[in-house]
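**Student:** Here is a sequence with its predicted model. Questions after.
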Amino acid sequence: MKKIIIATKNKGKAKDFEALFGPLGYDVLTLHDVADDMDVEETGTTFEENALIKATALSERLQTMVIADDSGLEIDALDGRPGIYSARYAGEAKSDEANIDKVLEELVNVEELNRTARFVCAIAIASPNLESVTVRGTCEGIIAKERKGTNGFGYDPIFYVPSENKMMAELSAEEKGAISHRGNAIKKLSEHIAKLF
Ligand SMILES: O=c1nc[nH]c2c1ncn2[C@H]1C[C@H](O)[C@@H](COP(=O)(O)OP(=O)(O)OP(=O)(O)O)O1
Ligand SMILES: [Mg+2]
């Protein structure tokens, strides 16, 4: 089977990538499979920079093509926070539950009309002998007042997707891939790759 390596330790993200790449005949490998000891610091100031840092570090180590994803949630009423700090919003423990609690708390007095937000996903592809590329996908939604749904990961239980009339965490991995920031970024990446040949 063809293999694709994603420089991530996030199992939820890996599942999203499996739903996107599996049907194309790819086996998805992550840091847990290829470099479990690796912990790359996200020192960039944008999603794109951080995705590049993660993809380049692993590509240099393995001397092969690697993809990385840096993503997060931008909430308009919070001036775009948590943004690139989404994973660590409630502290270094990187707890999805604590992150959601913090967001709900900060929005407690914000009415539905003003709870607009978007998921952002930058994907970088790095390879020993090709120039690196980054693409960005987004997905617009509304932050709900409470959790609903058990699929997905991260902020999915509080992210309402108007076009589906469902929470992100109520979508299957395939349904999510069709509309998500990650799915949209992958579409852009494949368009870019198609242009190269
Ligand atoms: O589809 C998504 N559905 C819900 N939440 C999401 C999604 N996509 C990103 N997010 C949230 C999770 C985490 O709080 C942050 C990503 O942070 P980010 O640094 O890119 O990932 P991470 O540290 O979990 O794993 P890694 O850096 O090893 O890929 O945004
Ligand atoms: Mg991270």
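**Tutor:** Thanks, I have the structure now. Ligands and ions are numbered 1, 2, ... in the order given.
**Student:** How about the residues of the protein by ligand 1?
**Tutor:** Residues of the chain found near ligand 1 (Cβ under 6 Å from any ligand atom) are 8-10, 13, 42, 69-73, 86-87, 99, 119, 152-156, 168, 180, 182. All C-beta atoms are positioned from the backbone trio N, CA, C, and that covers glycine.
**Student:** Just the buried ones out of those residues, please.
**Tutor:** Burial by neighbour count, judged by 16 or more other Cβ atoms under 10 Å, picks out 8-10, 13, 42, 69-73, 86-87, 99, 119, 152-156, 168, 180, 182 from the residues of the chain next to ligand 1.
**Student:** strand partners of the biggest strand by length in the chain, parallel vs antiparallel please.
**Tutor:** Ranked by number of residues, the top strand in the chain under DSSP state E is strand 130-143. Taking DSSP bridges as the criterion, strand 130-143 sits next to strand 116-127 (antiparallel), strand 159-161 (antiparallel) in its sheet.
**Student:** how about those strands in TSV, adding mean pLDDT?
**Tutor:** Below are the strands paired with strand 130-143 laid out as TSV (pLDDT from 0 to 100):
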stretch	mean pLDDT
strand 116-127	98
strand 159-161	98
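**Student:** any chance of the ones you listed in JSON lines, with distance to Asn50 too?
**Tutor:** Converted to JSON lines, the strands paired with strand 130-143 look like this (distance: least, Cβ to Cβ, whole Å):
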{"stretch": "strand 116-127", "distance to Asn50": "7"}
{"stretch": "strand 159-161", "distance to Asn50": "21"}
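**Student:** quick one on the thing from earlier: which ones among the residues of the chain next to ligand 1 map onto strands?
**Tutor:** Per DSSP E, strands hold the following members of the residues of the chain next to ligand 1: Asp69, Asp70, Ser71, Gly72, Leu73, Phe119.
**Student:** Tell me which residue is most central in this protein.
**Tutor:** Among the residues of the chain, the one closest to the centroid is Ser71, at 3.9 Å (Cα atoms, centre = their mean).
**Student:** who's in contact with the closest residue to Thr56 other than its chain neighbours?
**Tutor:** Leaving aside its sequence neighbours, Thr56 sits nearest to Ala126 (Cβ to Cβ, 6 or more residues apart in numbering; 4.6 Å). Neighbour list for Ala126: Leu52, Ala55, Thr56, Leu58, Ser59, Glu60, Met65, Val66, Ala68, Ser132 [criterion: Cβ atoms under 8 Å, 6 or more residues apart in numbering].
**Student:** now Phe21
**Tutor:** Ile4, Val28.
**Student:** quick one: the helices in this protein?
**Tutor:** Taking DSSP state H as the test, the helices found in the chain are 11-21, 31-34, 47-62, 96-106, 173-179, 181-196.
**Student:** worst average pLDDT in those helices?
**Tutor:** Mean pLDDT is lowest for helix 181-196 out of these, coming in at a mean of 90.
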